[in-house]
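A.B. asks: Predicted coordinates and the sequence they were generated for:
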Amino acid sequence: MEVPEVPRPRRGGRTASLIAGAAVLGVVAGTCAGYLVQAHRAPTKLPSLSQPTLARPTGKAPEPLSAAEDRQVKTDGDLRELLLKKPAGAKDARWITTEDGWLDLAQYAEMYTRPAVAFSNLVGKEFRRAAVTGWESGETYDVEIRLVQYRQTESLEASDANDGEQYAADARPGTRSWHLPGTGDGMVYVHSQPRTQAGYQPQYISEAFAWRGDLALEVFVTDTKPVPKAKIMDLAERQMERL
């Protein structure tokens, strides 16, 4: 029985080489032809480097903003003067340990539950300075207000800080929130579930967070009974008006 002959595969090496060589020659020839055409053309005249004279505006230049109108003048000055004043009859907050109303980086980081982590984060966020005030009214009603300023050379850190505080406040159970009028995304939070600690009375907390320019606003109101929305809203609105 004869075994049928299996046809061998066709060798196309020489043909492929010829085709490839022709293609290369075609490209080279086309390029040379293009250079020859360009060489026989007259050079294109470049546009003039001089520009037409711009017309000068006429009329009186606008007056510079006054110190009261220029927000940058306010925020570069003494932040403590922008804080709400302690109401008549209230006492200075005993828990605020700073004597001059300023908080440096270490002091502000100590207000977090994990100060070491907060310190590192604040360095990365270009913390500049913070001002704080607070007071006690009656036996149990306490208020604390902070203005935290960032350098913001690379990003809007005041806005980012505001987002972080709002995220934490909104995550607490039993929380209701409202938009703070006069701000882009400022919020007020009322927590219906108190914080408890052995040896202390339960503490109900209401908070407000907002930002403007390079300043982040933090407002805290605590009491042994639920803090109504009207109180925290009034404080936050009046503080934002001073900015």
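C.D. replies: Right, received. Where do you want to start?
A.B. asks: average pLDDT for stretch 190-198?
C.D. replies: Stretch 190-198 comes out with an average pLDDT of 93.
A.B. asks: What is the neighbour count of residue 211?
C.D. replies: For residue 211, the count of nearby residues is 26 (other Cβ atoms under 10 Å). Glycine gets a C-beta too; all of them are placed from N, C-alpha and C.
A.B. asks: can you check the one 10 residues further on too?
C.D. replies: Residues contacting residue 221 under the criterion other Cβ under 10 Å number 22.
A.B. asks: Residue 180 now?
C.D. replies: When neighbours are counted by other Cβ under 10 Å, residue 180 registers 22.
A.B. asks: does it really touch residue 240, like I thought?
C.D. replies: Yes - counting by Cβ atoms under 8 Å, residue 240 is a contact partner of residue 180 at 7.0 Å.
A.B. asks: Which stretches in this protein count as helices?
C.D. replies: 13-39, 71-76, 105-109, 115-124, 157-171, 229-241 (DSSP state H).
A.B. asks: Mean pLDDT lowest where, among those helices?
C.D. replies: Of all the helices of the chain, mean pLDDT reaches its minimum on helix 13-39 (a mean of 48).
A.B. asks: And stretch 129-147, what's buried?
C.D. replies: 130-136, 141-147 (16 or more other Cβ atoms under 10 Å).
A.B. asks: Among these, which one sits closest to residue 218?
C.D. replies: Sorting the buried residues of stretch 129-147 by distance to residue 218 puts residue 146 at the head of the list, at 4.3 Å, by Cβ to Cβ.
A.B. asks: Can you tell me the closest non-neighbouring residue to that closest one?
C.D. replies: residue 218 (4.3 Å; Cβ to Cβ, 6 or more residues apart in numbering).
A.B. asks: where does the one you found land on pLDDT?
C.D. replies: 98.
A.B. asks: Next up, the contacts around it.
C.D. replies: 144, 145, 146, 148, 165, 207, 208, 209 (Cβ atoms under 8 Å, 6 or more residues apart in numbering).
A.B. asks: Return the residues in contact with the nearest residue to residue 95 once chain neighbours are set aside.
C.D. replies: Leaving out its chain neighbours, the residue that sits closest to residue 95 by Cβ to Cβ, 6+ apart is residue 134, at 7.4 Å. Residues in contact with residue 134 (Cβ under 8 Å, 6+ apart) are 92, 93, 95, 96, 142, 143, 144, 145.
A.B. asks: Look over the residues you listed and name the one with the lowest pLDDT score.
C.D. replies: residue 95 (87).
A.B. asks: Name all residues that make contact with it.
C.D. replies: Residues counted as contacts of residue 95 (Cβ under 8 Å, 6+ apart) are 134, 142, 144.
A.B. asks: Please report phi then psi for it.
C.D. replies: phi -80, psi -10 (degrees, to the nearest 10).
A.B. asks: State the distance from it to residue 135.
C.D. replies: Residue 95 sits at a distance of 11 Å from residue 135 (criterion: Cβ to Cβ, to the nearest Å).
A.B. asks: hey, what's in contact with both of the two?
C.D. replies: Shared contacts of residue 95 and residue 135, counting by Cβ under 8 Å, 6+ apart, come down to residue 142.
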